[in-house]
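Colleague: starting from these lines, generate the structure:
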Amino acid sequence: MVTKLRPLERKDLGFIHQLDNERATMAFWFEEPYESLDELTTLYDKHIHDERERRFVVDVDDEFAGILELVDIDFLHRTTEIQIIIDRSFRGRGLATVAMRKGLDYAFNMINMFKVYLFVDVDNARGLHVYKKLGFVEEGRLRKHFFANGQYHDSFIMGIFKQEIKD
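Modeller: Numbers count the residues shown, from 1 in each chain. I've put the predicted structure just below:
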């Protein structure tokens, strides 16, 4: 099984559209599901040249397995937020860990970030397991900070520096 990150292309938008329309999946990103393909295409066109974002497909043996994003890239402070979604049919194979390692490598070694951070629902046990295994540290708890699935959720903000990545 060969797992790689590759740039998000227009041809991938159908897969992204499927992910974006899974209510349970989007709740972990604290975002509203049910985005139209036209909206997604417009968003893609708007952000394709945005230097403050990098969007990657998690590719497993030439199949779309998920998406990893670096957003809010701040080149002055050298920080970025990282986000990941693994497609339901690929979950449970350790792909999130592999893809996150590749995303962290890109952030630290390609675009010279000093710190990478993320937000995670305090009840997202799988996500917390992956992030802690990689070396992310809880930096704070945001109380009832995100609204998803009809209720407010607490979220941890977690961060990592290059030297903290665990093998």
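Colleague: host element of E139?
Modeller: strand 137-148 (DSSP states H and E).
Colleague: for K132, helix, strand, or coil?
Modeller: Secondary structure, DSSP: H, G, I helix; E, B strand; the rest coil: K132 is helix.
Colleague: how close does it sit to G94?
Modeller: 15 Å (Cβ to Cβ, to the nearest Å). (Glycine included, C-beta is placed from N, CA and C.)
Colleague: and stretch 156-167, what's buried?
Modeller: 156-160, 162, 165 (16 or more other Cβ atoms under 10 Å).
Colleague: with stretch 45-65 instead?
Modeller: Quick answer for stretch 45-65 (16+ other Cβ under 10 Å): 53-60, 64-65.
Colleague: wait, isn't L95 in contact with V2?
Modeller: No - in this structure, L95 is not within contact of V2 by Cβ atoms under 8 Å, at 11.5 Å.
Colleague: more neighbours: which of those two?
Modeller: L95 (20 against 7; other Cβ atoms under 10 Å).
Colleague: quick one: end-to-end distance for stretch 69-82.
Modeller: Counting by Cα to Cα, to the nearest Å, you get 6 Å between the two ends of stretch 69-82.
Colleague: chain center to that stretch: distance?
Modeller: Chain-centre distance of stretch 69-82: 12 Å, with Cα atoms, centre = their mean, to the nearest Å.
Colleague: swap in stretch 132-145?
Modeller: Relative to its parent chain, stretch 132-145 has a centroid offset of 15 Å by Cα atoms, centre = their mean.
Colleague: quick revisit: the helix or strand following the strand holding E139: how far from the chain's middle?
Modeller: Downstream of strand 137-148, the next assigned helix or strand under DSSP H and E is strand 151-161. Centre-to-centre, strand 151-161 and its host chain are 13 Å apart (Cα atoms, centre = their mean).
Colleague: now what about strand 151-161, what contacts it?
Modeller: Outside strand 151-161, the residues that touch it by Cβ atoms under 8 Å, 6 or more residues apart in numbering are 30, 104, 114-123, 128, 131, 134-147.
Colleague: what does stretch 123-131 give?
Modeller: So stretch 123-131 is contacted by 28, 96-97, 100, 118, 120-122, 153, 156, 158 (Cβ under 8 Å, 6+ apart).
Colleague: try 6 Å this time
Modeller: In this structure, residues lying in contact with stretch 123-131 by Cβ atoms under 6 Å, 6 or more residues apart in numbering are 28, 96-97, 120, 158.
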